[in-house]
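> Sharing a model prediction with you, sequence too.
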Amino acid sequence: MIWNETKECMSRDEMTALQTARLKKIVDYVYHNVEFYRKKMQKVGILPGDIKTLEDIKNLPFTTKDDLRDNYPFGLFAVPQSSIVRVHASSGTTGKATVVGYTRHDLDIWAECVARCMTMANISKNDIIQVAYGYGLFTGGLGAHSGAEKIGAMVVPMSTGNSKKLTTMMLDFGVTAIACTPSYLLHISELLEQEGKIGDLKLKTAICGAEPWTDKMRTEIEQRLHITAHDIYGLSEVMGPGVACDCQFHNGLHVCEDHFYPEIIDAKTLLPAGDGELGELVFTTLTKEGLPLIRYRTKDLTSIDKSPCECGRTSARISKFRGRSDDMLIIRGVNVFPSQVEAALIEVKEVTPHYMIIVDRVNNLDTLEIQVEIDEKYYTDEIKGLEALKNKIGHVINQALGLNAKIRIVEPMTLKRSEGKAVHVIDNRKLF
Amino acid sequence: MFSKQLSVFIENRKGRLGEVLGVLKENDINILSLSLADTTEYGLLRIITDNPETAKKKLSDSGFSTMLTDVLIIKIPHESGSLQTLLTLLTENGINIEYMYGLSVNGEKASVVLKAEDALKAERILTENGVEFLSTDNI
């Protein structure tokens, strides 16, 4: 099934024409409505009228997460606050969150894109879907929710945090589809296996995202739960989940490219990469009103394939992600920058500036450990004093990241000191 | 009378305790008593030595986190119920004990190393009640 055959199956020429028209319009729109873009374009001497073809996009400056931070919270919005009907927020590289805003029209487009992805994952109005992403500032829950409603499925808004209730309802309701992170789905499958309930499931499909995962992991999910699993991609800056998704052929993720124009650049030279070459994914939103983004650097490494897919869709496909061009980690679906940890630890006077973040996956759930050294003058010879300090650090980290971390106090001078850029992360998961 | 106790933070790593003891041996420092408080990740080694200042310096030089803490070394009769009598005295005076461990001494007297929440009050109460202390010089 294809949700929007007109848009998802148009010829390359038609798509190019549509994208070109929309690109011209959005560049003109941001130039006249967002001072940040106007100044940036003026600085490099480019006017909206200079953008005549898709190739001309390479002359436009990039936008980064830091730009969003520098214009926190609403500085890059292109409409008055009265036209914004919702905001979401994700991790910023330091203290302040990255805030995104949507007009009613933006929310409609978002639901449309998620509807396409749900349909790609073989979910329809006949399905009962549990949305087990967090509802709230994170785009996962509400984003998947609105798309599932749009296709007319029966939505069970589980959110996160109660696996027992989730599996009970999954069985009692005869749930047929689930939207959650892939690692969490594996965890759920383990719980169901322990209870010997796999055979009682009505589940047939899963639409998983918010963290990178391998084909091997997909096969494992599919075999353990006897379902098909699909990879849905998105990022809050660009929209949220629904920017791209893979179909039953799992040959890359179809991008909703009539709304999000994808480019691949060389992350070092910032020059456009050739067709099929691995590089950093860059998006220009073609229809967004609230927070339009021009050449937003996702920092996700992938390649693009524009050949038609066996499923009948002609939309460009991005390959499964191969890594990041920055140091962002995705832990339990939450974006984490080491700089956030660093900024949080600075608030704790008892610890030295040295720290190590250790990420692992135990029983399919991500674990986060932060190792710290204590400034010698704050040592106590009582266990309760050290435990209180661990709790204090844990609280500060939780406030900063929205994640629980295990805090480990290590002996002085044991954390690696490196010359130049310090290595602060050990990621033992095999995600790419 | 307070004595200096040396505390050393030790991660739970194989051989780490041996390394601490190695440093003490190399510097000819004798251990009079020790206790090891352990958690799943780390331990706190508390030592009464004949030369706590030197021991601290040598261990710090070897990269250990160390600190000196004032504790009371209390002489008690080497007989059943004597420790309980001591604790009753502290309890009746509202003094909480942070930790305590034994110190072996030859002869008829035994002793315990004790750290109380209100250390000064503990010392005063015990002194008023005729309890004898030992110092690291005269153990």
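Nice, I can see it. Since this is a predicted model, take the numbers as computed values, not measurements.
> how close does residue A:23 sit to chain B?
Per Cβ to the nearest Cβ, to the nearest Å, residue A:23 is found 55 Å from chain B. For the C-beta atoms, the positions are set from N, CA and C on the backbone; glycine is no exception.
> Likewise for residue A:124?
From residue A:124 to chain B the distance is 50 Å (Cβ to the nearest Cβ).
> buried ones in the helix or strand harbouring residue A:119?
According to DSSP states H and E, residue A:119 maps onto helix A:104-120. Neighbour counts over helix A:104-120 (16 or more other Cβ atoms under 10 Å in any protein chain shown) mark A:106-107, A:109-120 as buried.
> Kindly report the same for stretch B:3-23.
Using 16+ other Cβ under 10 Å as the test for burial, stretch B:3-23 gives B:3-10, B:16-17, B:20, B:23.
> now for those, which pair is the farthest apart?
B:3 and B:16 (25.3 Å; Cβ to Cβ).
> could you show me where the helices are in the chain, in order?
All of this is about chain A. Secondary structure of chain A (DSSP state H): helices at A:5-8, A:12-33, A:35-43, A:65-70, A:104-120, A:139-150, A:163-173, A:182-194, A:215-225, A:338-346, A:383-401.
> try again with chain B
Going by DSSP H, chain B shows helices at B:16-26, B:52-61, B:82-92, B:119-128.
> Make CSV from those helices and add distance to residue A:290 and mean pLDDT to it.
Listed next are these as CSV, based on distance: least, Cβ to Cβ, whole Å; pLDDT from 0 to 100:
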stretch, distance to residue A:290, mean pLDDT
helix B:16-26, 56, 93
helix B:52-61, 58, 95
helix B:82-92, 67, 93
helix B:119-128, 62, 93
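> circling back: which of the buried residues of stretch B:3-23 come close to chain A?
B:5, B:7, B:9-10 (Cβ under 8 Å from any Cβ of the partner chain).
> Kindly export stretch A:291-300 (C-alpha atoms) in PDB.
Taking C-alpha atoms only, stretch A:291-300 is exported to PDB below (Å, rounded to 0.1, in the frame of the first residue of the first chain):
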ATOM      1  CA  LEU A 291      10.700  26.800  11.600                       C
ATOM      2  CA  PRO A 292      11.900  26.600   8.000                       C
ATOM      3  CA  LEU A 293      15.500  25.300   7.800                       C
ATOM      4  CA  ILE A 294      17.900  26.000   4.900                       C
ATOM      5  CA  ARG A 295      20.600  23.400   4.500                       C
ATOM      6  CA  TYR A 296      20.400  22.000   8.000                       C
ATOM      7  CA  ARG A 297      23.300  19.800   8.800                       C
ATOM      8  CA  THR A 298      22.000  16.600  10.500                       C
ATOM      9  CA  LYS A 299      25.500  15.300  11.200                       C
ATOM     10  CA  ASP A 300      24.100  11.800  10.200                       C
END
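> tell me the mean pLDDT for it?
Mean pLDDT, stretch A:291-300: 97.
> how does the chain divide into domains?
Chain wasn't specified; assuming chain A. Under automatic domain parsing, the residue ranges defining each domain of chain A are A:5-326, A:334-427.
> hmm, I had chain B in mind actually
Taken from automatic domain parsing, chain B resolves into B:2-69, B:71-133.
> Which part of chain A gets nearest to chain B, residue-wise?
Using Cβ to the nearest Cβ, the closest approach of chain A to chain B is made by residue A:381 at 3.4 Å.
> Spell out which residues sit in contact with that residue, please.
B:5, B:7, B:44, B:46, B:67, B:69 (Cβ atoms under 8 Å, 6 or more residues apart in numbering or on different chains).
> how about 10 Å then?
B:5-9, B:37, B:44-46, B:66-69, B:71, B:98-99, B:115 (Cβ atoms under 10 Å, 6 or more residues apart in numbering or on different chains).
> Tell me the bridge partners for the most centrally placed residue in chain A.
A centroid search over chain A (Cα atoms, centre = their mean) returns residue A:235, at 3.9 Å, as the residue closest to the centre. Here residue A:235 sits in beta bridges with residue A:240, going by DSSP bridges.
> I'd assumed residue A:243 was in contact with it.
Yes. Counting by Cβ atoms under 10 Å, residue A:235 sits close enough to residue A:243 to count as a contact (6.9 Å).
> residues shared between the contacts of those two?
By Cβ under 10 Å, 6+ apart, the residues touching both residue A:235 and residue A:243 are A:281, A:283, A:298.
> would you turn those into CSV with distance to chain B and neighbour count?
As requested, the shared contacts of residue A:235 and residue A:243 are arranged in CSV below (distance: Cβ to the nearest Cβ, whole Å; neighbours: other Cβ atoms under 10 Å in any protein chain shown):
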residue, distance to chain B, neighbour count
A:281, 40, 28
A:283, 43, 26
A:298, 38, 23
